[in-house]
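[1] Quick check, what structure comes out for this input:
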Amino acid sequence: MRILLVLFVLVSKTFAEKNILLICIDDLRPELKSFGVDYIHSPNIDALSKRGRAFTRHYVQAPTCGASRYALLTGTYGPGGNGALFARANKIKNPSLPAYLRENGYTTVSVGKVSHHPGGRGGKDWDDDSKPEMPQSWDRHLLPSGKWQHPRGWMHGLANGEIRKNAKDMDLFQSTAGPDGIYPDGPAIHETLNQLDLLKKDNKPFFLATGILRPHLPFGAPAKYMEHYQDAELPPIPHPKKPEGQTTWHGSGEFMKYNRWGKNPNTDPAFALAVRKHYAACVSYADAQVGKIIDRLNKLGLGKNTLIVVWGDHGWHLGEHAIWGKHSLFEESLRSPLIIVDPVIQRPGVITNSIVETIDLFPTLCDLVDLKKPDFLDGSSLLPLLKDPKVASDDTAISYNGKANTIRTTTHRLIKHRKGHLELYDHTSPERETKNIAKENPELANKLAAKITN
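    Got it, this is the predicted structure:
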């Protein structure tokens with residue numbers, strides 16, 4: 001009888017343990033209806049926002065894929081380049097988020113672009129099993145490349161298997177008629193649904209991380225998603241001029257490499273509008289993929305016992321500061337959507353305006369699944385904000401790239417360049433990040449600079 005009782009307790013505990021579904025969306029700025037962008041069609045992500053807590057002032061650690069995902073998957077600040085996780089793989093000091101969950105009984109699976117390389121491998125075509133990006137982390141790390149030949153081709157693919165060889169020969173945007181599967185996210189989402197089916201049969205708690213590629217460049221999505229925007233009126237681009245003085249502005253090199261038909265969005269308003277609409281179509285395409293995943297989760301009866309996180313890996317300029325891309329340390333590069341759905345949330349659907357960081361997710365997930373938080377984490381749990389959206393918080397976020405560090409407060413942004421130059425911007429003024437007031441307010445500039453190190 002005693003043995004049966006112990007077995008019953010163990011089985012009950014297994015069934016009671018919470019699953020985690022992490023949905024990473026590439027290059028997604030807060031371009032969602034639930035984040036205040038009225039012309040965007042994003043019903044599936046918006047529905048999650050209503051069920052959970054949307055963090056409208058979430059900031060990533062770095063405005064580039066690899067470094068931002070490093071912060072997400074390690075819970076720590078780190079290098080500023082895309083090779084951050086590969087560098088870590090050569091000298092691992094602490095377990096990653098999936099490794100820690102794996103050590104604690106979770107089946108860990110990644111599909112698509114979760115770490116920097118889709119499928120999590122290195123090598124010429126990013127498919128070399130001997131070069132894992134995150135050793136000891138995943139039970140399965142998958143990227144079915146389909147018609148796109150290999151993960152490198154998938155990463156920069158357009159419709160029907162077109163892969164990028166020379167960016168100048170690939171169109172910047174595209175809207176091709178056909179089902180969702182004609183673009184790279186098609187086979188990846190199909191595999192995500194397949195993995196949900198397998199995980200359901202395992203009877204073990206799981207951590208499933210899936211990475212949706214769009215709206216990453218080039219901006220290609222099935223034509224049906226462009227229909228939402230054919231006649232849509234978009235607001236003017238705020239502060240569209242190149243900033244004066246020393247900043248982290250750049251010439252949009254990644255964007256400008258593609259075939260733009262001889263047009264420049266900084267000097268051609270009609271072309272700028274077309275770019276913005278194709279980006280929006282990609283957002284709606286990504287939203288539809290989220291819907292498929294949630295539908296399958298619910299059909300399998302896993303919805304009630306699975307906490308859901310939707311995370312944008314960084315922002316993206318759509319002409320602000322005359323930038324088309326990421327990589328700067330302006331607001332547009334660093335602010336991205338974050339949504340958490342979990343039964344612990346009080347007053348679901350109420351947003352929080354508290355400033356939070358990507359590094360906060362690792363300790364938050366530990367709290368939500370009742371695991372001890374490792375002592376090496378740099379972030380703070382968001383559990384208090386999940387229970388009360390207005391609770392007091394630190395309200396600062398630190399970010400970085402290869403040239404500078406920045407700190408965001410509720411009212412200001414301070415950027416500290418490697419050689420000491422300071423930029424200070426007042427977000428309570430109409431100028432926001434267009435007027436550097438560091439010389440006018442040296443006391444505040446120096447105070448904030450002291451909180452970050454180069």
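[2] alpha carbons only for contacts and neighbour counts from here, please
    Will do.
[3] Quickly list what the closest residue to R140 other than its chain neighbours is bridged to.
    In this structure, R140 finds its nearest non-sequential neighbour in V109, 4.8 Å apart by CA to CA, 6 or more residues apart in numbering. Beta bridges link V109 to R140, L208, judged by DSSP bridges.
[4] How many residues are close by V109?
    23 (other CA atoms under 10 Å).
[5] Please apply the same query to N90.
    By other CA under 10 Å, 11 other residues sit near N90.
[6] mind listing the helices for this structure?
    Secondary structure of the chain by DSSP state H: the helices cover 2-16, 43-51, 65-74, 84-89, 97-103, 151-155, 185-202, 223-226, 253-256, 269-299, 331-334, 361-368, 383-387, 442-449.
[7] With respect to P132, which of those lies nearest?
    helix 84-89 (7.7 Å; CA to CA).
[8] So which elements touch that closest one?
    Packing partners of helix 84-89 (3 or more CA pairs under 8 Å, 6 or more residues apart in numbering; DSSP states H and E): helix 65-74.
[9] Now tell me what touches the helix it packs on from outside.
    Here helix 65-74 makes contact (CA atoms under 8 Å, 6 or more residues apart in numbering) with 26, 60-62, 76-85, 95-98, 114-116, 313-314, 358-359, 361-362, 377.
[10] Stretch 237-250 now?
    Against stretch 237-250 from outside (CA under 8 Å, 6+ apart): 266, 318-323, 327-330, 403-404, 421, 423, 434.
[11] Farthest pair within the residues you listed?
    Using CA to CA, these span at most 27.2 Å, a distance reached by N266 and H421.
[12] before we move on, the earlier item: please report the distance of the residue nearest to R140 from L22.
    Using CA to CA, to the nearest Å, V109 is found at 10 Å from L22.
[13] Overlap in contacts, those two.
    Between them, V109 and L22 share these contacting residues under CA under 8 Å, 6+ apart: F207, L208, A209.
[14] residue contacts, the first one?
    Right, the one you point to is F207. Residues near F207 by CA under 8 Å, 6+ apart: N19, I20, L21, L22, P98, L101, Y106, T107, T108, V109.
[15] of the residues you listed, closest to D129?
    Of the contacts of F207, the one sitting nearest to D129 (CA to CA) turns out to be V109, at 15.6 Å.
[16] so who does the closest one touch?
    Going by CA under 8 Å, 6+ apart, V109 touches W138, D139, R140, H141, L142, F206, F207, L208, A209.
[17] Which of the residues you listed lies at the shortest distance from T409?
    Using CA to CA, A209 comes nearest to T409 of the contacts of V109, at 30.2 Å.
[18] Please indicate which of the contacts of V109 are buried?
    Burial by neighbour count, judged by 16 or more other CA atoms under 10 Å, picks out W138, H141, L142, F206, F207, L208, A209 from the contacts of V109.
[19] of all those residues, which two lie farthest apart?
    Spanning the widest gap among those are L142 and F206, at 15.4 Å by CA to CA.
[20] sorry, back to before: among the contacts of helix 65-74, name the buried ones.
    By 16+ other CA under 10 Å, those give 26, 60-62, 76-85, 95-98, 114-116, 313-314, 358-359, 361-362, 377 as buried.
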